[in-house]
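[1] predicted model and sequence below, questions to follow.
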Amino acid sequence: MRFLLSCGALAAFAASMAAQTAPRQVATIVAGGTVVTVDGARNIYSPGAVAIDGTTIVAVGPAADIAARFKAAEQIDTVGSIVIPGLINTHGHAPMVLYRGLADDLRLQEWLEKYIFPAEAKTVSREMVRAGTRLAALEMIQSGTTAYADMYYFEEEIARATKAAGMRGVLGQTIIQFPVADAKTPQEGLARNEAFIKEFAKDDLIVPAVAPHSPYTLDAKDLLASRALATKYGVPVLIHVAETETELGASKKAHAGMSPVAYLQSIGFWGPRTVIKHGVWVDAADIKLLRSHEVSVSHNPESNMKLASGIAPVPEYLAAGVTVGLGTDGAASNNDLDMFEAMRFAALLHKVKTGDPRAVPAKTALEMATIQGARTLGLESAIGSLEAGKRADLVVVSTASARLTPIYDPVSHLVYAAHGGDVRTVMVNGRVLMRDRKMLTLDEPAVLAEARKFADLVRAAVGR
Ligand SMILES: [Zn+2]
C-alpha cells in the first residue's frame, strides 16, 4: 500500500513536471521590450513578454519566464520598445475631427455659436459621421488609443465604424434640447438612444451609453428621463458638467445659487456609472457629492486650456478618492486625439496651478490614461492594465528615436517625451489593428480622401 501510494505520487509528480515543462501553445507572444503593466503592483518587466490567446492575456512576466511556459504561432518582437496597456480616451466627439482647425482662439460661446453649431447644423449626416469616425479611429489607433468614450449624433454609425476599425468604445447618443441632425426633440433623441442601447447591448467591443449633453442644454425632465433610460438598461451616463465659469454663473442664477453639481443633486440626477466631462468649476462640497455617488471625472486638460475654460482640481479629486480619467475632447477644441499629449499636459498643468512639481507625477498621468481611465468608464475588470485574464489591448511604443534615448525610466519617457507618432503596433481584443505603422483595419488613403471631401461642405457651411 505504502509502495503503491508513493508510486502514484511519483507518477503525479512526473505528470505535473511534464505539464510545467511542456510549453503551452498560445496565439501570440509579444516579447523583448520593456513591459509597463500598470497592474496592481505596477510591475515593469525588462525584457518582458505578454502571452495572448484569443481575445485574452494569459500571462505577463519576464521574457525568459514566458518563453519557458508558452510557445506561439506568432511572435511580435518588441526589442527597443515599451509595451503598455492601450490608452483610454474618456471623452470625445469622434466625427468633430472634420471641424479640426475650422476656428481657433475664440471663447467657447463664440466658437460654438458662430462656427461649430452652424457647421454641425448644415453638415452632420450619417455619411459625415461615418467619415469622421473613420478618420478619428485612424488617428486614435496611430497614436495608441484602443478605447474611447464618445458623445455625438447618429451614434449607431459611430459604433459600426468603431467596430469595423477594431476599437473599443463607450458610446452615447447625444440628448439635447434643440433640434439636431438625428433628432428634432429630446424625446426623439431618447428613443434613438434606446434603440441604440438595444442594438449594441451584447457587443464585445461597444458599450452603449446615454449621453445627456449637459445640465444647461436640457431641462430637469429630460435630464431625469436620460437617467431613467440608463437605469432601465444598466448602462453608463456621459454628461458635460461644470466646464466653464459662465456655466457656473448661469446655474447659480437659474437654480437658487446652486452649482451645476448641486443642481443635479437637487433634481435626483446622480446615479451609478456616471462620468462627468470636464468638472472644472467645482468646489469642495461638489467634490464630496461626486465622491458619495461614485461619479467619475473625465479630465481634458488641452481642451480646457485652449478654450480658456479653467483648470479642473485634479489633485483635489484624487485626494478625495474620485476616479479621474483623461480625455482629449473633440478635435475641434484640442486639436488632436493624441493621448500622449493629454498625459503630458495633465502632468504639467497641475504643477503650474499648484506651484508644486510633485502634483500629478508621471506615474499618475499614465494611470489616468490607462487603469483609471478604465475605472472611469467601468471597464477596469477587462482593460486598463496588462495582466492575465484581461483583454489583450496593448500598444508598442518605439524608443528608437533621439528624443527617447537614453532611457532611465520608461514611465518618465511615456509621459514627458513620447508622442503618438512613436506608436508602432496596436492590438485590441487580441487582434492587431496596426503593425509597424501599417494599418490593417482601415484603408488609410481612402479614409483621408473621404475626410478631405467633407471639408468642402464644412467650408461652404460657415462661409470660408
Ligand atoms: Zn465635449
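    Great, that's in hand.
[2] strands along the stretch 51-200 of the chain, start to end?
    Secondary structure of the stretch 51-200 of the chain (DSSP state E, counting those that start in this stretch): strands located at 56-62, 70-77, 81-85, 87-89, 145-152, 168-175.
[3] export those to a markdown table and tack on distance to G325 and mean pLDDT?
    Just so you know, the C-beta spots here come from the backbone N, C-alpha and C atoms, and that holds for glycine as well. Converted to a markdown table, those look like this (distance: least, C-beta to C-beta, whole Å; pLDDT from 0 to 100):
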| stretch | distance to G325 | mean pLDDT |
| --- | --- | --- |
| strand 56-62 | 21 | 98 |
| strand 70-77 | 27 | 97 |
| strand 81-85 | 13 | 98 |
| strand 87-89 | 6 | 99 |
| strand 145-152 | 8 | 98 |
| strand 168-175 | 11 | 97 |
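[4] out of those strands, nearest to R24?
    strand 70-77 (5.3 Å; C-beta to C-beta).
[5] what about the residue nearest to S381 when sequence neighbours are not counted, how many neighbours?
    In space, and not counting its chain neighbours, S381 is closest to K390: 7.7 Å by C-beta to C-beta, 6 or more residues apart in numbering. By other C-beta atoms under 10 Å, the residues close to K390 number 22.
[6] what do you get for L289?
    18.
[7] what does the helix or strand that contains it rub up against?
    Per DSSP states H and E: L289 is located in helix 284-292. Contacts with helix 284-292, where a contact means C-beta atoms under 8 Å, 6 or more residues apart in numbering, come from 242, 259, 261-262, 265, 270, 276, 279, 282, 297, 313, 316-317, 320-322.
[8] restricted to strands, list those residues.
    I276, V297 (DSSP state E).
[9] can you pick the most crowded of the contacts of helix 284-292?
    V297 (32 neighbours).
[10] list the contacts of the residue positioned nearest the centre of the chain.
    With distances taken as C-alpha atoms, centre = their mean, N89 lies nearest the centre of the chain, 2.2 Å away. The neighbours of N89, taking C-beta under 8 Å, 6+ apart as the test, are M140, T145, A147, Y148, A149, L326, G327, T328, L337, M339, A342, G373.
[11] partners of it in the sheet?
    Using DSSP bridges, the bridge partners assigned to N89 are Y148.
[12] I57: how many residues sit nearby?
    24.
[13] so what's it up against?
    Listed by C-beta under 8 Å, 6+ apart, the contact set of I57 reads V50, A51, L386, E387, A388, G389, K390, R391, A392.
[14] mind telling me what element the first one is part of?
    Assignment of secondary structure by DSSP H and E places V50 within strand 48-53.
[15] list the contacts of that strand.
    26-35, 37, 57-63, 65-67, 69-70, 72, 83, 386, 392, 394, 427, 430.
[16] thinking again about what came up before, so which of the contacts of helix 284-292 sit within helices?
    Among the contacts of helix 284-292, the members falling in helices (DSSP state H) are V261, A262, Q265, E316, Y317, A320.
[17] I311 against L348, yeah?
    No - using C-beta atoms under 8 Å, I311 makes no contact with L348, being 11.2 Å away.
[18] thinking again about what came up before, which parts of the helix holding L289 are buried?
    D286, I287, L289, L290 (16 or more other C-beta atoms under 10 Å).
[19] restrict it to CA atoms and write it as CSV.
    The C-alpha trace of helix 284-292 is given here as CSV (Å, rounded to 0.1, in the frame of the first residue of the first chain):
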residue,chain,number,x,y,z
ALA,A,284,-15.2,71.1,-2.1
ALA,A,285,-18.9,70.4,-1.5
ASP,A,286,-19.3,69.4,-5.1
ILE,A,287,-16.3,67.0,-5.0
LYS,A,288,-17.8,65.4,-1.8
LEU,A,289,-21.1,64.9,-3.6
LEU,A,290,-19.5,63.4,-6.7
ARG,A,291,-17.5,61.0,-4.4
SER,A,292,-20.6,60.0,-2.5
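[20] picking that back up, contacts only, for the residue nearest to S381.
    Residues near K390 by C-beta under 8 Å, 6+ apart: T56, I57, S381, A382, I383, G384.
[21] is the second one bridged to anything, and to what?
    Counting by DSSP bridges, I57 is bridged to I52.
[22] residue numbering should commence at 37 henceforth.
    OK, 37 is where the count begins now, so the last one is I93.
[23] quick one: it from L354, how far?
    From I93 across to L354, the span is 27 Å (C-beta to C-beta, to the nearest Å).
[24] how far does stretch 274-284 sit from the chain's center?
    On the basis of C-alpha atoms, centre = their mean, to the nearest Å, the separation between the geometric centre of stretch 274-284 and that of its chain is 20 Å.
[25] CA atoms of it as PDB?
    C-alpha atoms of stretch 274-284 as PDB (Å, rounded to 0.1, in the frame of the first residue of the first chain):
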ATOM      1  CA  LEU A 274     -21.900  60.500 -20.000                       C
ATOM      2  CA  ILE A 275     -22.500  64.200 -19.400                       C
ATOM      3  CA  HIS A 276     -20.700  67.600 -19.700                       C
ATOM      4  CA  VAL A 277     -20.700  69.300 -16.300                       C
ATOM      5  CA  ALA A 278     -19.100  72.400 -14.900                       C
ATOM      6  CA  GLU A 279     -17.000  73.100 -17.900                       C
ATOM      7  CA  THR A 280     -16.900  77.000 -17.800                       C
ATOM      8  CA  GLU A 281     -17.300  79.800 -15.300                       C
ATOM      9  CA  THR A 282     -20.100  81.100 -17.400                       C
ATOM     10  CA  GLU A 283     -21.900  77.700 -16.900                       C
ATOM     11  CA  LEU A 284     -21.400  78.000 -13.100                       C
END
